[in-house]
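Sequence and predicted model, in that order:
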Amino acid sequence: MTRRRLPEWFVLLLPAIIVIAAVVLIPLLFSLYSSFTPYKLTRPSTLWKWVGTYNYEKILSDAKFWAAFGRTVLFLTIVLNLELLLGLGIALMMNKVTWGQRTLRTILMFPMMFSPILVGFQFKFIFNDNIGLVNNVLQSMGFDAALPWLVDGKLAMFSIMFAEIWMSTSVFAILILAGLFAMPRDPLEAAKVDGCTPWQSFRHITLPFLMPFIYIAMTIRSLDVARAYDIVQIMTGGGPARRTELLWTLMSRTGYVDARMGLANAMGYVSIILSILFTIYFFRKLSAARAELGMAG
Amino acid sequence: MQKAKAIMGLMACSALVAAPESALAADWGDHSGVTIEAKLIGGQQYEGLYGRIAEWEAATGATVKIISKKSHFEIDKEIKSDMAAGTTNWCVGSNHSSFAPQYEGLYADLNDLVPADVVAEFVQGNIGASTVGGELLMLPRAQFDVSVLYYLKSNYEDADKAAAFKTEYGYDLAVPETWAQMKDQSIFFADPPNFYGTQYAGKDEAIVGRFYEMVVAEGGNYLDENKKPIFNSDAGQRALQWFVDLYDAKAVPAGTTSYVWDDLGQGFASGTVALNLDWPGWAGFFNDPESSKAAGNVGVAVQPMGSVTRTGWSGHHGFSVTNDCANKEAAASLVMFLTSEESQLAESAGGSLPTRSAVWEANVAAAKAGDDPFRAEALEAFAEGAKYAFAVPPIPEWGESTNIVFPELQAAIVGDKSVKEALDDAAEAVDELMRESGYY
């Protein structure tokens, strides 16, 4: 009688499979299951009560959830695009620097090193309407009013976007700078000989070459931007009157403060759609950009 | 259990007889070899009491192992995680009257572990607020909170201001007795963006607690006896209108909707706010020249009245014993020690308010006999304010309901909705929550 042996490839992969199952798959399946229950942290027995799609129906018919969803899409769109523009500008300027570039690159990364919580507190103070830095500067310049930075709907969104952009623009700058370093010099020199203007060289040579780097940065940041949770939570807590409520503040309040983990997990699964859509969009753009450079395959 | 009660009764008798003596002299029982694991609220103002635990350890032979020490909100999250994971076999936990009802089944009924005459020594209002569904879930420590009115005295010593106020409002300028007077004066004193009449907590449970006490002061209530929301009544609308009117008149800082306790305390200490309803713990801070520009100019008065009664939203800290604790008697002994007369005298010497009747009396008498008129004035206001104290509705859903209600209150304040619309929307959502929770 011969003993059945597991295929070698499977045995070799088994440790990785076990680790991935333990840290990714099982929590994922557990949270998916709990989104079909009324699971409350303070009532563990509720985990075993199946309520079908009740949580999902509740969310899909909840105007507050969709308002937060829409606000999150808006937040992501504006923040990612502004970070891209500013990061691109900074990278192009850095690329021109011939002396002290390493020091500058290190300084550029400082905002990324701050904890988002610290950044939140820093900008909460800067934008405080009564004792904040911005209003004090404005008042010392003769502007006799206290602008409600963290209260007015538009100003509050501006303030949290400002904090997020301040912290993360350097991610774009560093990745785009890496692209600029990898860029061959020949096409640019040929363009110069052919009489192209700097704008034409940038538009038709540099930018197409940088596009794959930009889309990779976009994909990473669109997933990573949820770190803005700390900033939003500390600066406005999603308020006032839900004016800055994003999916992340709504989910964390539902899950941890209200202890309604089942409902919060259902919100999480609906909001994953958002991440998937952004990721698919950027990957398609990335493939197209690579194809344009003849790198597709 | 009966034996345990008898031992506890004996212990309590011994404690009463030995009350003036040091804690070492009291009999906290022999718990040699027992280790009590505790999860306690951390923070500078709470640490002094924990320094006394060594005395209890020496007296009983037991050991206390503090396995977690965090802010109350962090402890709350940790306890909820413990409940979800079933890891609740630690013994003593810090608790709060606003949080206690959430932890269903976690804590033991102390009526079974603490002699009735010990319970009787506490302020009965505090015992009532520590009792949920007939079970005494915690013994109150000397960290009782009810808000009183802090004000800048100089505003009431200026004859020109007094004359101008009387011309405009038709009555004498004096420290406000009612919320209507406080609104008038706040609008009168305000000179934005340099000086504000008042301020209020504008988000989370903080604003809902304030709104709740104003509703009660106006003769209404938050929930009816069936736990159905009724805060959208006329009384509720009058209460919310007070917040809206002050905001519209710019008598409060525009950012007040994002303020919570620290922002309010720092605001009043900056000397740019005339009237401030705030907790007792701030008294020393407000009158300390090191921390406050208002020092020397601070008055303390009992909180104002609505059209029916005074406001009095209150809460207090306490200690609880878990149901899963292996040595409940020893844990109860520790809880009694931490809330004993000696412990409360020591803790309230730092400025916090006690929850034992005898300690209240001793503190007021000591302040009157002392040479700190501000402390005497503040304690008198606190003692008067405590008479009107009432706790939040003792239901697990209180916290969750406040998360539903506060954005609606903010919506009315910043003008996104009318007062009635905001309260009706909030009441509808809380009604759904109560239905889901099976109250009706």
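Alright, I've got the coordinates.

Just to check, A:Met218 is in contact with A:Thr279?
No. Judged on C-beta atoms under 8 Å, A:Met218 makes no contact with A:Thr279 at a distance of 9.6 Å. C-beta here means a position set from N, CA and C on the backbone, and glycine is covered the same way.

And chain B, split by domain according to the record?
Taking automatic domain parsing as the criterion, chain B consists of the domains B:2-144+B:315-376, B:148-311+B:397-436.

could you give the mean pLDDT of the shortest one?
Yep, that's domain B:148-311+B:397-436 we're talking about. Across domain B:148-311+B:397-436, the average pLDDT comes to 94.

quick one: that domain near chain A?
Yes. Using C-beta under 8 Å from any C-beta of the partner chain, domain B:148-311+B:397-436 comes into contact with chain A via B:192-193, B:196, B:202-204, B:253-255, B:257-258, B:266-267, B:270, B:272, B:399-400, B:403, B:406-408, B:410-411, B:413-414, B:416-417, B:436.

among those, which are in strands?
Judged by DSSP state E, these include no members of strands.

Go ahead and name everything in contact with stretch A:280-294.
Under the contact criterion C-beta atoms under 8 Å, 6 or more residues apart in numbering or on different chains, stretch A:280-294 has outside partners A:Pro208, A:Phe209, A:Met211, A:Pro212, A:Ile214, A:Tyr215, A:Ile216, A:Met218, A:Thr219, A:Ser222, A:Ala296.

Check residue 127 and give its pLDDT.
Using chain A. On the pLDDT scale, A:Phe127 gets 91.

was after chain B, sorry
So B:Ile127 comes in at 94 (pLDDT).

Show me what from chain A comes close to chain B.
Residues of chain A lying close to chain B (C-beta under 8 Å from any C-beta) are A:38, A:41-44, A:128-131, A:135, A:139, A:144-151, A:236-243, A:245, A:253, A:256-261.

Take those and keep only those in helices.
Of the residues of chain A next to chain B, the ones assigned to helices by DSSP state H are A:Asn135, A:Gln139, A:Met261.

list the contacts for the first one?
Listed by C-beta under 8 Å, 6+ apart, the contact partners of A:Asn135 are A:Asn128, A:Asp129, A:Ala146, A:Leu147, A:Trp149, B:Pro193.

Please compute how far the longest helix belonging to chain A lies from its chain's middle.
Assignment by DSSP H gives helix A:63-96 as the longest helix of chain A. The chain centroid and the centroid of helix A:63-96 are separated by 8 Å under C-alpha atoms, centre = their mean, to the nearest Å.

for that helix, packing partners?
Contact here means 3 or more C-beta pairs under 8 Å, 6 or more residues apart in numbering or on different chains; DSSP states H and E; on that basis helix A:63-96 packs against helix A:101-108, helix A:153-182, helix A:207-224, helix A:247-252, helix A:261-292.

Count residues in the vicinity of B:Lys368, would you?
Here the count is done by other C-beta atoms under 10 Å in any protein chain shown, and B:Lys368 has 12 residues near it.

And the contacts of the helix or strand hosting it?
Assessed by DSSP states H and E, B:Lys368 sits inside helix B:357-369. Helix B:357-369 has contacts (C-beta under 8 Å, 6+ apart) with B:121-123, B:142, B:341, B:344-345, B:348, B:353-354, B:375-376, B:379-380, B:383, B:386.

How about the contacts made by the nearest residue to B:Lys250 once chain neighbours are set aside?
The shortest distance from B:Lys250 to any non-neighbouring residue, by C-beta to C-beta, 6 or more residues apart in numbering or on different chains, is to B:Pro192 (4.7 Å). Applying C-beta under 8 Å, 6+ apart, we find B:Pro192 in contact with A:Ala146, B:Lys250, B:Ala251, B:Pro253, B:Ala254.

Save the ones in helices among the residues of chain A next to chain B as JSON lines, and put in pLDDT and distance to B:Val64 too.
Formatted as JSON lines, those follow (pLDDT from 0 to 100; distance: C-beta to C-beta, whole Å):
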{"residue": "A:Asn135", "pLDDT": "88", "distance to B:Val64": "49"}
{"residue": "A:Gln139", "pLDDT": "85", "distance to B:Val64": "53"}
{"residue": "A:Met261", "pLDDT": "92", "distance to B:Val64": "32"}
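
can you redo these as TSV with distance to B:Lys65?
TSV is the format used below for those (distance: C-beta to C-beta, whole Å):
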residue	distance to B:Lys65
A:Asn135	49
A:Gln139	53
A:Met261	29
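
wait, A:Val51 sits on A:Pro38?
Yes. Between A:Val51 and A:Pro38 there is a contact at 5.4 Å, judged by C-beta under 8 Å.

Between those two, which contacts overlap?
Residues touching both A:Val51 and A:Pro38 (C-beta under 8 Å, 6+ apart): A:Gly262.

sorry, back to before: return the members of the residues of domain B:148-311+B:397-436 next to chain A classed as buried.
Buried members of the residues of domain B:148-311+B:397-436 next to chain A, counted by 16 or more other C-beta atoms under 10 Å in any protein chain shown: B:192-193, B:196, B:202-204, B:253-255, B:257-258, B:266-267, B:272, B:399-400, B:403, B:406-408, B:410-411, B:413-414, B:416-417.

Mind checking which of the residues you listed land in helices?
Residues of these located in helices (DSSP H): B:Asp204, B:Gln266, B:Gly267, B:Gly399, B:Glu400, B:Asn403, B:Phe406, B:Pro407, B:Glu408, B:Gln410, B:Ala411, B:Ile413.

Make sure I have this right: B:Lys65 is in a strand.
Yes. Read with DSSP: H, G, I helix; E, B strand; the rest coil, B:Lys65 is one of the residues of a strand.

Counting by contacts, list what the longest helix anywhere in chain B packs against.
When chain B is parsed with DSSP H, its longest helix is helix B:419-436. With contacts defined as 3+ C-beta pairs under 8 Å, 6+ apart, helix B:419-436 has these neighbours: helix B:234-248, helix B:398-413.

now, of these, which is deepest in the fold?
Highest mean neighbour count among these (mean count of other C-beta atoms under 10 Å in any protein chain shown): helix B:398-413, with a mean of 24.

now the angle from it to helix B:234-248?
Per axes from the mean of the first three to the mean of the last three C-alpha atoms, to 10 degrees, the angle that helix B:398-413 makes with helix B:234-248 is 50 degrees.

got a list of what A:Ala217 touches?
Counting by C-beta under 8 Å, 6+ apart, A:Ala217 touches A:Leu84, A:Gly87, A:Val171, A:Phe172, A:Leu175, A:Ile176.

By neighbours, which of those wins?
In terms of neighbours by other C-beta under 10 Å, the contacts of A:Ala217 top out with A:Phe172 at 27 neighbours.
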